[in-house]
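Colleague: here is my input; please provide its structure:
(2 chains)
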Amino acid sequence: MENMNMESTGQFLTFVLDEEVYALDIRQVREVLDLTTITKVPRMPDFMRGVINLRGGVVPVVDLRLKFGLPATEKTVDTCIIIIESILDGDATLIGALADSVQEVMDLDQDQIKAPPKIGTRLKTEFIRGMGKKNDRFIIILDIDKVFTSYELSQVLDKDGVGDCFEDQGQRA
Amino acid sequence: MDAHKETFREEAYELLAELERSLLELEDNPDDMEQVGRVFRAMHTIKGSGAMFGFEDIASFTHNVETVFDQVRSGKIPVTRELVNLTLSARDHIKDLLDASATGNTVDKANASHIISSLNRLLTGVDEADASAEMQDIQLPSKTQATYRVQFKPHPELFMNGTNPLLLLNELRDLGECTVTAHTENIPVLEDLNPEALYIFWDVVLTTDKGMNAIKDVFIFVEDDADIIIDVLMEEDLYGGMDQPQPRLGEILVQHGAISDQALAKALSSQMRIGEILIKEKVTTRTAVAAALSEQSQIKKRIEQRSESTQTSSVRVPAEKLDQLVDLVGELVTVQARLSQKAAKQGDPDLVAIAEDVESLTGGLRDNAMSIRMLQIGTTFASFKRLVRDLSNELGKNIELTTAGGETELDKTVIDQLKDPLVHIIRNAVDHGIETPKERREAGKEEAGTIHLSAEHSGAHVLVRIKDDGKGLDPVVIRRKAVEKGIIPSDAELDENGIQNLLFAPGFSTAEKITDVSGRGVGMDVVKRSIESLRGSIDLSSVKGDGTTITLKLPLTLAIIDGLLVQIGEGYFVLPLSSVEECVELTGEQHKSRKNGNILNIRGDIVPYVRLRDEYDIQENTPDLEHVVIMETYGKRVGFVVDRVIGGHQTVIKNMGSTFKDARDISGATILGDGTVALIIDVNKIVDLR
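Modeller: Model (predicted):
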């Protein structure tokens, strides 16, 4: 729960990856773009989809689905790139994340956020800041800095985790 | 107040650098009173502004040095090596004091008192009262320069009393900048010529700060044998302004009495150049005009020099602001490319005209912004004089550092990052390259070794050469060392170049014994890496016994390069145009017919090639006809196969950030006119990676 100590506005941007709802602290989100041409950079792992031109700047784009071990993002009308301000190697860096769709900005009070479950999630718990609950749905609040810093895909996946354990976990919480 | 202190510190560092230069200059030419004056002025300024901004320790310490140099100025103390050494260490102490004032560290007081007492020893013997009297003088220096016209018309019988007018003219030349015009129009035809008579007379334009009397003194013995007219043409107070307008040729001629006012007015109404008109009108002679012209040009030069000295007053701008400016200009170049592309597509002539205007303006702005960031490499060179001097003293060697091309300009970032590698190379040259005086004598060379630093432009690159006339590299020794250290197998076959390049291998050091100066084995490989990080390259050539030359090839700027835009599959890539040699075609059969390795035959030369498609694992639609871009990497020709060569492209380099630090052969990205991102390929790294 250390992560929750930092002051939160209580506002989160929710987005969907493979029908699962994830959330990011709104303060880290710079903007949301429609999918544009992504230039592939050779010799990089698959989840590094490449770079885009963001008003004259070059910004890397990560396919979060590939990063989380899901099938690659398919291009649809809803597909978008969330530009995130992240701290990499001590420097504030802009990184784009591909998402199937972006949903809404929602308010979550502190008491609506629970500690991540020790087991039962698809992701390693260190990448999860907490679990939010809204209208009986569970939302995984990501610690995006840690997701981006961990270079290898294998580190993100929790080998023991199984996706469908979610509900039990939620009911207990 | 802190801002003032910061300004003082910056200025003081500059003054100290100048001080060092002057002192080293003085060591070579102890009689150069101008340098003595410079040292004195630098010290005086540091003392004065130091006291003003509360750096009392600096002010009081500097005062001692200033006092000594005051005596040197008045000729009471000679310039000796000891004096220069002492002043140099005093300069270092002032620098320590400055550093300490920024960091809050303490400074070795004993060192200061040692320097002061040594300086005072030099002062003993000079009368104290006399010294203070001299100080009065310095407060009111006579700095008025004036330009004089001296019309020196000796009587024909001047030779009779044994006077040589040329000596007089030489004496005038010693007084200052001087232009002499000889009038020969009075020389009669040969049969009328009296060989013992003097027919020539002179007009001299002299700029001096010595005053009218000094000029009169020159002619003191010929006053009765010549007509001498001395006029002040222009007086300039070095501290004040100057309002005399630039004189016109006609006016000068009238003043000379060569023409009348009326003749001038008449000539002026005509359209030809006044000098030609006057000659044509026969109101004056060609030499008279020549004299007036030279007078005009000297006065013009003085005026230009003066306006230069006022105009070069510079503005201090923090480096980050310049970086921002260059970033913005880079964006503008990108946007402008988009505009041009869009305009060309729409075909609206008005829009095209606007786009072209924007293009030329952007180009101008880009060049200007880049040139602001350009610095002369000379300051960096100058700082090595001290390094070489100190190192060679330490090692008991006699080494002179000569420099050339100090005015060559390079991007500030390049210069900043060039300094450490250069220090390393020069240390190496001093330590390993140049032999001791004894060894040099035995080898039949002059005792004093030379290290020559030079810089010159070569296309979009600057070549910096460090050349020494030392013992050079011994290929046998290098080979043996490399085998000993396991860098190459003992049976490796290497040509001379290959052996010399072993020096750049990590962990290689040829010094027989490790010295303080160099040779800890972390040597040339670090140098090589830092040069490469500047997109530069390093080359070494050496002849055993004759010396070593290291050539650094550096880009003019890091922000924008000339690139060659190519396409592979869907992706665009940029190759650095400076190393592109030529482009040739590669047919599918040609490629398939090669069973072993990718080799091209370019006009009889064997050129290996790399297929970037294979390298980058790009599979989509291979064209029938591919293109090979032949590039120079590490002095060898290598071909890179691409789908299509699009053409030259002004490439604004965008950093890809730490996310792509593992993509080592991609040195950056750039944005094309239509907004797509193209990747910049570092071809040397591709060769390295293979």
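
Colleague: please list the residues of the stretch 501-650 of chain B that sit near chain A.
Modeller: B:571-572, B:615-618 (CB under 8 Å from any CB of the partner chain). All C-beta spots, glycine's among them, are computed from the backbone N, C-alpha and C.

Colleague: out of those, flag the one nearest to chain A.
Modeller: Set against chain A, the nearest of those by CB to the nearest CB is residue B:616 (3.6 Å).

Colleague: what does the stretch 201-350 of chain B have sitting close to chain A?
Modeller: So the stretch 201-350 of chain B meets chain A at B:330-331, B:334-335 (CB under 8 Å from any CB).

Colleague: now these in JSON lines, with pLDDT, secondary structure and neighbour count?
Modeller: Putting these into JSON lines (pLDDT from 0 to 100; DSSP: H, G, I helix; E, B strand; the rest coil; neighbours: other CB atoms under 10 Å in any protein chain shown) gives the following:
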{"residue": "B:330", "pLDDT": "78", "secondary structure": "helix", "neighbour count": "22"}
{"residue": "B:331", "pLDDT": "78", "secondary structure": "helix", "neighbour count": "16"}
{"residue": "B:334", "pLDDT": "78", "secondary structure": "helix", "neighbour count": "22"}
{"residue": "B:335", "pLDDT": "82", "secondary structure": "helix", "neighbour count": "17"}
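
Colleague: just the strands in the stretch 501-650 of chain B please.
Modeller: Taking DSSP state E, counting those that start in this stretch to define them, one finds strands in the stretch 501-650 of chain B at B:537-543, B:547-555, B:560-568, B:571-576, B:580-587, B:599-602, B:605-611, B:625-633, B:636-642, B:644-652.

Colleague: ok, now chain A?
Modeller: A:11-17, A:20-25, A:29-34, A:48-54, A:57-63, A:80-88, A:91-99, A:101-107, A:113-114, A:128-134, A:137-142 (DSSP state E).

Colleague: I'd like those strands laid out as TSV, including mean pLDDT, distance to chain B and mean neighbour count.
Modeller: Below are the strands of chain A laid out as TSV (pLDDT from 0 to 100; distance: least, CB to the nearest CB, whole Å; neighbours: other CB atoms under 10 Å in any protein chain shown):
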stretch	mean pLDDT	distance to chain B	mean neighbour count
strand A:11-17	91	20	20
strand A:20-25	90	18	21
strand A:29-34	92	13	14
strand A:48-54	89	5	23
strand A:57-63	89	4	23
strand A:80-88	89	6	19
strand A:91-99	87	6	20
strand A:101-107	90	22	14
strand A:113-114	83	29	19
strand A:128-134	84	22	20
strand A:137-142	87	18	20
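
Colleague: so which of those strands is nearest residue B:391?
Modeller: strand A:91-99 (38.4 Å; CB to CB).

Colleague: how many degrees apart are the closest one and strand A:29-34 in direction?
Modeller: Going by axes from the mean of the first three to the mean of the last three CA atoms, to 10 degrees, strand A:91-99 is angled at 40 degrees with respect to strand A:29-34.

Colleague: show me what strand A:91-99 is packed against.
Modeller: strand A:11-17, strand A:48-54, strand A:57-63, helix A:64-67, strand A:80-88 (3 or more CB pairs under 8 Å, 6 or more residues apart in numbering or on different chains; DSSP states H and E).

Colleague: to residue A:112, which of these lies closest?
Modeller: Of all those, strand A:11-17 comes closest under CB to CB, at 10.3 Å.

Colleague: still on that earlier bit, among the strands of chain A, which is nearest residue B:401?
Modeller: Comparing the strands of chain A by CB to CB, strand A:91-99 comes nearest, at 40.1 Å.

Colleague: would you mind writing the CA trace of that closest one as CSV?
Modeller: C-alpha atoms of strand A:91-99 as CSV (Å, rounded to 0.1, in the frame of the first residue of the first chain):
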residue,chain,number,x,y,z
ASP,A,91,13.9,11.1,-16.3
ALA,A,92,10.3,12.1,-17.1
THR,A,93,9.6,10.4,-20.4
LEU,A,94,6.6,10.4,-22.7
ILE,A,95,5.5,6.9,-23.7
GLY,A,96,2.5,5.9,-25.7
ALA,A,97,0.4,2.8,-24.7
LEU,A,98,-1.9,1.1,-27.1
ALA,A,99,-5.4,0.4,-25.8
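
Colleague: how far off centre is it?
Modeller: 10 Å (CA atoms, centre = their mean, to the nearest Å).

Colleague: same question, stretch A:108-128
Modeller: 13 Å.

Colleague: straight-line length of it, end to end?
Modeller: With CA to CA, to the nearest Å as the measure, the ends of stretch A:108-128 fall 16 Å from one another.

Colleague: closest one to residue B:543 among the strands of chain A?
Modeller: Here strand A:57-63 is closest among these (CB to CB), at 46.4 Å.

Colleague: packing partners for the closest one?
Modeller: Going by 3+ CB pairs under 8 Å, 6+ apart, strand A:57-63 lies up against strand A:48-54, strand A:91-99.

Colleague: now distance to residue B:44 too, for these, in CSV please.
Modeller: As requested, the helices and strands packed on strand A:57-63 are exported to CSV (distance: least, CB to CB, whole Å):
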stretch, distance to residue B:44
strand A:48-54, 55
strand A:91-99, 46
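
Colleague: from residue B:505, how far out is residue B:632?
Modeller: Applying CB to CB, to the nearest Å, the value for residue B:632 to residue B:505 is 22 Å.

Colleague: next: residue A:80.
Modeller: For residue A:80 relative to residue B:505 (CB to CB), the value is 50 Å.

Colleague: find me the pLDDT at whichever residue of the stretch 51-200 of chain B sits closest to chain A, would you?
Modeller: Nearest residue of the stretch 51-200 of chain B to chain A: residue B:103, at 23.7 Å (CB to the nearest CB). Looking at residue B:103, its pLDDT reads 76.

Colleague: burial measure for it, as a count.
Modeller: If you count neighbours by other CB atoms under 10 Å in any protein chain shown, residue B:103 ends up with 8.

Colleague: for the one 3 residues further on, same thing?
Modeller: For residue B:106, the number of neighbouring residues by other CB under 10 Å comes to 8.

Colleague: name the helix or strand for residue B:263, please.
Modeller: Residue B:263 is located in helix B:261-269, with elements delineated by DSSP states H and E.

Colleague: repeat that for residue B:370.
Modeller: helix B:349-372.

Colleague: starting at the chain centroid, how far to that helix?
Modeller: With CA atoms, centre = their mean, you get 29 Å for helix B:349-372.

Colleague: next, the angle from it to strand B:644-652.
Modeller: Using the same axes, to 10 degrees: helix B:349-372 against strand B:644-652 is 60 degrees.

Colleague: and helix B:349-372, what other elements does it pack with?
Modeller: Against helix B:349-372 (3+ CB pairs under 8 Å, 6+ apart) you get helix B:319-346.

Colleague: show me which residues of the helix it packs on are buried.
Modeller: By 16 or more other CB atoms under 10 Å in any protein chain shown, the buried positions in helix B:319-346 come out as B:325-327, B:329-340, B:343.

Colleague: by contact count, what packs against it?
Modeller: helix B:349-372, strand B:644-652.

Colleague: is it true that residue B:101 lies in a helix?
Modeller: Yes: looking at residue B:101 with DSSP: H, G, I helix; E, B strand; the rest coil, it is inside a helix.

Colleague: re earlier: wait, which of the helices and strands packed on helix B:319-346 is closest to residue B:229?
Modeller: Minimum separation from residue B:229 across the helices and strands packed on helix B:319-346 (CB to CB) falls at helix B:349-372, 48.1 Å.

Colleague: what lines up beside the helix or strand following the closest one in the sheet?
Modeller: Downstream of helix B:349-372, the next assigned helix or strand under DSSP H and E is strand B:374-376. Applying DSSP bridges, strand B:374-376 is found paired with strand B:409-411 (antiparallel).

Colleague: what comes up buried for the helix or strand where residue B:91 lies?
Modeller: Per DSSP H and E: residue B:91 is located in helix B:81-103. The neighbour-count check on helix B:81-103 (16+ other CB under 10 Å) flags B:83-84, B:86-88, B:90-91, B:93-98, B:101 as buried.

Colleague: mean pLDDT lowest where, among the helices and strands packed on helix B:319-346?
Modeller: strand B:644-652 (a mean of 84).
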